[in-house]
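Trainee: Next input, structure requested:
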Amino acid sequence: MFKTAVGHSNDPDSLSAIEEVLQQCVSSLGEDIPKAGILFSAIDFEHSLILQQIDQVFPGIELIGGTTDGEISSVLEFQQDSITLMLFCSDEVEIHAGVGRKVSSDPIAVTKQAVEQARAKSTQTPRLCLTHPESLTISGVSILNGLKLALGQNVPIFGGLAGDQSRYQNTYQFFQTEVLSDSVPILLFSGTILFSYGVASGWHPIGQISQVTKVDKNILYEIDDKPALDFYHHYLGLLPPSMEYPLAVFHQNRDNFYIRAPIAYNQESGSITFFADIPDRAIIQIAEGCYEDILAASKASFMNALNSYPGAEPSAVLFFSCVARRQILGTRAKEEYQNTKLSLTYHLPGCGFYSYGEIAPIDGMSQTQFHNETFVTLILGTR
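Mentor: All right, here's what the predicted structure looks like:
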């Protein structure tokens, strides 16, 4: 058995909101007791109070989560300034939490601590990892690289970086009853868990295939031995680099790519700063997409996951979308979840959030990657 419950409230009062969420979950669970959960919350709630209330109803629950830039669920669909909680019950799937603190000090050591803490609670090999880590104190790529080293390359990782409603000042991560910053909370799933996933952005590479020739982490200086700004000016004229025209960064072969979104530029050096690291010597193209392409990608992500699910009927779905997608779509952001809902003929408990970077493998054959401007679907169940 693998059962999930979802609660979602947009009540601005923290106590009233979590009481509503917990009432929804308890009603859905019946006599079943959850062993783990994941909480997505807007930045302005009293998070300590919320976590304490969850622990009072479900003592000792293996809980992680963090703050967001928008929340999604099968209860209220797309919301802002809300909290949503997904709980997991199972007698055959083990789910254990771990956390690494002060990740900016040593991402390799701290992510290893999180993995070791979660693995110490189980005798089984983890099948997949969920995470909702820090986004502002350190590169998300550094966190992901640490998790991959600690877990091994065969354990896929899914999730998104914590947000703070586009203030870019401070984000929070949750671990059981603790509210943290600069941390990496994880959930490890082992046992008979079944899962599938889909990843799509809606952006399409165009123009000349080029190569990164000078880069320092997320600051791109040269493309094809020329200033990075010249590359963008070739396509955009006098328009500055923007998230509407990200880079497609190709992974190993020319078939698959992930997205890197620009956030700033320097006229004097000709450099462009991106939301996440770009590998040296990476093969790139500029990418474009319209509203309809971006919305079609959310449906494609969901349908790819649903069609590849290895079981009879899934138990839950998690969504990780990007703050840049929400900003570009504006009032149409609600259509991302609605696209997935309309594709179903039955109710599937769902939960998710808008993040500062998404985590998932590009496809079934590749290692986990860090994404920008991408819609990730993760479907869970058991045989």
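Trainee: quick one, phi psi at the residue lying closest to Thr171 once chain neighbours are set aside?
Mentor: Nearest residue to Thr171, sequence neighbours excluded (CB to CB, 6 or more residues apart in numbering): Ala162, at 3.8 Å. C-beta here means a position set from N, CA and C on the backbone, and glycine is covered the same way. Backbone geometry at Ala162, expressed as degrees, to the nearest 10, gives phi -60, psi 150.
Trainee: roughly how far apart are Ala162 and Ser301?
Mentor: Using CB to CB, to the nearest Å, Ala162 is found at 21 Å from Ser301.
Trainee: cool, Val199 as well?
Mentor: Distance check for Val199 against Ser301: by CB to CB, it reads 6 Å.
Trainee: overlap in contacts of these two?
Mentor: Contact criterion CB atoms under 8 Å, 6 or more residues apart in numbering; residues bridging Val199 and Ser301 by contacting each: Phe375, Val376, Thr377.
Trainee: can you tell me which residues contact the first one?
Mentor: This means Phe375. Applying CB under 8 Å, 6+ apart to Phe375 gives the contacts 199-202, 297-298, 301, 319-322, 325, 336, 358.
Trainee: Just the buried ones out of those residues, please.
Mentor: Buried members of the contacts of Phe375, scored by 16 or more other CB atoms under 10 Å, are 199-202, 297-298, 301, 319-322, 325, 336, 358.
Trainee: so what's Leu348 closest to, chain neighbours aside?
Mentor: Spatially, and ignoring its direct neighbours in sequence, Leu348 is nearest to Val317 (5.4 Å; CB to CB, 6+ apart).
Trainee: That neighbour falls within a helix, correct?
Mentor: No. Assignment of Val317 by DSSP: H, G, I helix; E, B strand; the rest coil gives strand, placing it outside any helix.
Trainee: For it, report the pLDDT, please.
Mentor: With respect to pLDDT, Val317 scores 98.
Trainee: Buried residues in stretch 272-290, which are they?
Mentor: Neighbour counts over stretch 272-290 (16+ other CB under 10 Å) mark 272-278, 282-289 as buried.
Trainee: Poorly predicted segments of the stretch 251-383 of the chain, please.
Mentor: Scanning the stretch 251-383 of the chain for pLDDT under 70 picks out 252-253.
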